[in-house]
Structures are given as C-alpha cells and as structure tokens.
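Q: Generate a structure from the sequence data that follows.
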Amino acid sequence: MARAIIIGAPRSGSGKTTITLALLAALRRRGVRVRAGKSGPDYIDPAFHAAATGAACPNLDSWAMPPAQLDAVAAGLSADSEIVLIESAMGLFDGVAAGAGRSGAAADLAARWGLPVLLVLDVSGQSQTAAAVARGFMLHDPHVRMAGVVLNRVGSERHRSGIAAAMAALPLPVLGSVPRDTAIALPERHLGLVQAAEHGDLPALFTRLADLAERTLDVDAILAAAAPFAPAASTATPLPPPGQRIALAQDAAFSFLYAHVLAGWRAAGAGIVPFSPLAGEAPPEDCDACWLPGGYPELHAAALAQAGRFRTGMHRFAATRPVHGECGGHMVLGTTLQDADGVTHPMLGLLGHATSYAKRRMHLGYREATLAGPCALGPAGTVLRGHEFHYASTIDAGTDAPLARLTDALGADLGMAGGRRGLVSGSFFHAIACTGA
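A: Numbering: from 1, shown residues only. As a prediction, the model looks like this:
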C-alpha cells in the first residue's frame with residue numbers, strides 16, 4: 001500500500017515547492033516509486049513535480065471536485081506508487097467558507113484521508129517565535145496532525161540552534177534545516193514560477209535539489225512519518241471529453257491543462273492529438289474537437305498573429321467541429337490581443353471579443369459556471385466548478401452569446417461570461433470538474 005504526506009506551510013512563499021521538489025528528486029534518485037499531487041488550482045507547480053517524478057501530477061481540489069471524484073483522482077496517485085507527496089497551495093488552512101471538508105484547503109485533504117503534514121516554516125526574520133507558530137498549527141484543528149517541521153531559510157548555526165531549542169518543548173520533531181540560499185530559488189513570472197519546460201537544465205536542477213534534501217533533511221524520518229494512503233477508486237470522469245479524438249494545442253503559449261482532466265478524457269476512451277500553433281501547425285483534420293488551453297499567449301502574440309497555417313486551419317476546423325478555448329485559449333479565439341507593451345496583434349477572430357495585457361489587473365478566485373447553451377463543455381444547464389487566474393482584461397466584449405453564468409465560491413452572482421458563436425466557445429474560466437446539471 002502506498003503511503004503519503006502533505007507538505008504545508010503558513011503562507012505562500014515559504015519554500016514548499018523547493019522542499020517538495022528536493023524530496024521528490026532525492027526519492028526518485030534512491031529508486032523509490034514516488035508520485036506528487038498538488039492541492040487547489042495550479043498549473044505550474046504540478047509541471048515541475050511531473051518533471052521531477054517522471055509521472056503526471058494531478059490537482060486535488062476539495063471545493064471544485066465532488067468527494068467521489070476527489071477520491072478517484074487520489075486513488076490514481078496511490079495505485080502505482082510507494083510514496084505520495086501532496087504539496088499544499090497557499091497556507092495549509094487557506095480556503096473558502098464552504099461546507100465541512102469542501103473549503104479547497106489542503107487541510108481538507110489531510111483530514112479526509114488521515115494524512116500527516118510536514119510543516120515548512122520560513123524562519124527568516126524570526127527565531128523562537130517559530131515554535132509558537134508550530135504550536136498553533138498543532139492545536140488549530142484536531143483532525144489535522146502535524147508530523148514534523150522543516151526550518152527553511154535558516155541564517156546560521158546559531159539561528160538554527162535557537163529555534164531548535166524552542167522547538168524541543170513541543171512533541172513535534174524538526175525533520176530538516178535548510179539554509180538561506182538564493183542559488184536554489186526558482187525563477188518566477190506573473191502567474192507563478194517560470195514553466196518547467198522553459199527551465200534551462202531541469203536534470204541539473206533536480207540533482208542540486210536531491211543533494212540539498214540529502215544534506216539538510218531527514219529523508220528517512222519523513223518517509224517513516226507518512227501514513228497509509230488508499231482512497232476509494234471510482235470511474236467518475238471530472239470533465240466529459242469534448243470529442244472522441246481531441247486536437248490539443250500544446251506548446252509554450254498553450255500549456256495549462258489539468259492532468260486529471262487529460263487522464264479522465266483518456267479513461268473515457270478519447271484520443272489526444274497535440275499540435276503546436278507556435279510551430280505554425282493546424283488542428284489535425286482527423287480530429288472531431290479542438291481544445292485551446294490556457295498558457296502565456298501574451299508572450300507570443302506576434303508569433304501567433306503571423307501563424308497563417310494555424311489561422312486558416314482553425315477557421316476550417318471550426319466550421320464543422322467544436323472548438324473551445326480556456327483563458328489564454330479564449331484570448332486567442334478573439335479578434336485582437338494587446339501585449340504588455342501596448343502593441344495590438346490580430347488573433348483568430350472566431351469570437352468577437354478583444355483582450356489586453358497592457359494594463360494588468362489580477363482576476364483570481366473559484367468559480368461555479370452554469371452553461372447558458374450547448375458547447376464543448378456540455379449541454380445547456382451543465383454546472384461546472386473551476387477558477388479564474390489571469391491578469392488580462394476584456395477591452396471589447398463583442399456581441400457573441402454568453403457561455404455561462406458565473407458565481408463565486410460563496411454563491412455571489414458574477415454575471416454572464418465568455419462567448420459562444422456557432423461551434424466555437426471560450427472564457428477565462430478554467431474547468432476543474434463537472435458537478436451535474
């Protein structure tokens with residue numbers, strides 16, 4: 001049976017991803033069959049986890065996924081691994097005020113599956129206070145158990161020993177002490193880390209991180225602290241496939257597609273055929289649906305505008321088969337895209353909206369979408385849960401029929417969003433799971 005542990009922290013930026021990657025790299029180098037999961041909505045961290053383990057890293061979202069689907073995705077993780085590391089999003093208890101176990105916080109996962117938490121504390125700028133923070137985490141929720149602490153960004157041996165002495169009063173072991181080192185920091189961009197596929201030398205990075213784990217973490221004790229992990233298996237499909245053979249845009253401009261969605265499509269019998277718009281490729285003619293996922297089209301707007309074969313092929317495809325765009329894909333389906341420098345680039349024009357990245361404004365949060373009409377996501381009335389996370393703005397809404405009515409995680413009405421025209425649909429909404437109609 002697989003075992004698992006959750007890697008959490010008080011907040012974003014504490015170093016969870018670096019510690020998780022270091023452990024994944026060290027365990028894989030030891031020959032351990034290790035997998036990774038990521039709580040909450042996120043595309044970029046899971047790509048690094050997948051690169052470190054050689055296997056897809058699914059997202060585990062207690063708000064967006066119905067409990068049976070959550071268990072099904074987790075069961076796929078545990079089926080072919082010895083150890084599973086689940087990285088928390090944001091702070092361990094950060095979520096929304098939903099029903100019990102449905103907040104979206106990683107703490108929900110710990111309580112649901114009885115998994116212990118390895119607490120990563122950024123101790124820069126503090127000393128003995130770190131023990132008070134750890135004590136608070138131990139006492140906050142009786143259903144969530146702390147297994148140990150990793151002290152991150154330690155400034156010196158004196159710094160470490162002062163914290164360790166305060167921690168000694170707690171029934172909570174210190175399982176690692178990682179020095180402050182800017183050389184191991186991962187580069188960032190406006191939606192998080194720079195994508196794994198763009199990193200210059202991932203094997204060298206993972207070697208350095210594996211060395212870091214073996215040198216600064218008690219890897220054996222962390223392994224021993226993990227708990228049995230055997231969620232109930234299910235055949236639930238998070239998101240029905242839009243076709244039997246799906247043309248999937250996949251390159252540096254289009255890279256944000258959830259691993260659990262892709263796995264669900266394949267489990268339902270759909271074939272996935274990738275193509276690269278940046279390489280001038282069109283969706284293959286033997287496909288019966290096309291999906292443009294999110295990504296960073298604003299960084300590649302000039303190249304996309306000049307990709308004549310992609311444009312022609314998309315128009316030909318959309319005349320007879322469904323096309324859907326999420327977030328970045330939605331931007332490319334519109335008439336124009338204005339980049340960060342204010343330069344306007346022509347896009348596909350399959351929908352009538354125009355978007356801009358010139359004046360950045362964050363749009364972030366869980367969303368529930370009720371489809372206003374039939375499209376690649378399902379029939380009218382279908383209810384999906386997902387999220388938005390982008391800095392682009394719609395500067396011309398166009399006149400297309402709306403895709404869906406959105407509410408936030410607390411049920412507040414956000415109005416109609418997205419667009420539908422013929423067989424083409426799109427919105428900034430990223431679908432995580434279908435909840436019904």
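Q: ok now do the nearest residue to H300 once chain neighbours are set aside, which residues does it touch?
A: Among residues not flanking H300 along the chain, A253 sits closest, at 4.3 Å (Cβ to Cβ, 6 or more residues apart in numbering). In short, each C-beta sits where N, CA and C put it, glycine included. By Cβ atoms under 8 Å, 6 or more residues apart in numbering, the residues touching A253 are P277, L278, G295, Y296, P297, L299, H300, A303, L304, G328, V332.
Q: so which strand or helix has A224?
A: helix 219-225 (DSSP states H and E).
Q: Counting by contacts, list what the very next helix or strand once past that helix packs against.
A: Using DSSP H and E, the next helix or strand after helix 219-225 towards the C-terminus is strand 227-228. Applying 3 or more Cβ pairs under 8 Å, 6 or more residues apart in numbering; DSSP states H and E, one finds that strand 227-228 makes contact with strand 3-8.
Q: For the strand it packs on, list the C-alpha coordinates in CSV.
A: Taking Å, rounded to 0.1, in the frame of the first residue of the first chain, the C-alpha atoms of strand 3-8 are listed here in CSV:
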residue,chain,number,x,y,z
ARG,A,3,1.9,6.0,1.9
ALA,A,4,1.5,9.8,1.7
ILE,A,5,2.3,13.0,3.5
ILE,A,6,1.2,16.6,2.9
ILE,A,7,3.7,19.4,2.7
GLY,A,8,2.2,22.6,4.0
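Q: Looking at it now, give me its mean pLDDT.
A: Taken as a whole, strand 3-8 has an average pLDDT of 98.
Q: For it, buried residues please.
A: Under the neighbour-count criterion of 16 or more other Cβ atoms under 10 Å, strand 3-8 has R3, A4, I5, I6, I7, G8 buried.
Q: In contact with A107, which residues?
A: G8, L92, F93, G95, V117, D141, V144.
Q: Is the fourth one located within a strand, as I assumed?
A: No: membership of G95 in a strand is not supported by DSSP: H, G, I helix; E, B strand; the rest coil, which gives coil.
Q: Next, it: phi, psi?
A: Backbone torsions of G95, given as degrees, to the nearest 10, read phi -160, psi -150.
Q: Skip ahead from the helix or strand bottoming out on mean pLDDT in the chain and say which helix or strand is next.
A: The helix or strand of the chain with the lowest confidence, counting by mean pLDDT, DSSP states H and E, is strand 192-193 at a mean of 50. Next along the chain after strand 192-193, taking DSSP H and E as the criterion, comes helix 202-216.
Q: roughly how far is that following helix from the heart of the chain?
A: Distance of helix 202-216 from its chain centroid, counting by Cα atoms, centre = their mean, to the nearest Å, is 23 Å.
Q: Name the residues of that helix that come out as buried.
A: For helix 202-216, by 16+ other Cβ under 10 Å, it's L205, F206, R208, L209, A210, L212, A213, T216.
Q: Please tell me the pLDDT value assigned to the second one.
A: Reading off the per-residue confidence, F206 sits at a pLDDT of 95.
Q: how many other residues sit next to A319?
A: Neighbours of A319 under the rule other Cβ atoms under 10 Å: 12.
Q: next one: S427
A: S427: 30 neighbours (other Cβ under 10 Å).
Q: where's it relative to V32, distance?
A: 41 Å (Cβ to Cβ, to the nearest Å).
Q: give me the low-pLDDT residue ranges for the stretch 51-200 of the chain?
A: Applying pLDDT under 70 to the stretch 51-200 of the chain flags the ranges 182-200.
Q: can you map out the helices along it?
A: For the stretch 51-200 of the chain, the helices defined by DSSP state H, counting those that start in this stretch cover 67-79, 106-113, 129-140, 157-167.
Q: Can you tell me which of those is nearest to G342?
A: helix 106-113 (39.4 Å; Cβ to Cβ).
Q: from memory L223 sits against V84, does it?
A: No: in this structure L223 lies outside contact range of V84 using Cβ atoms under 8 Å: 11.5 Å.
Q: Give the residues shared as contacts by these two.
A: Contact criterion Cβ under 8 Å, 6+ apart; residues shared by L223 and V84: R3.
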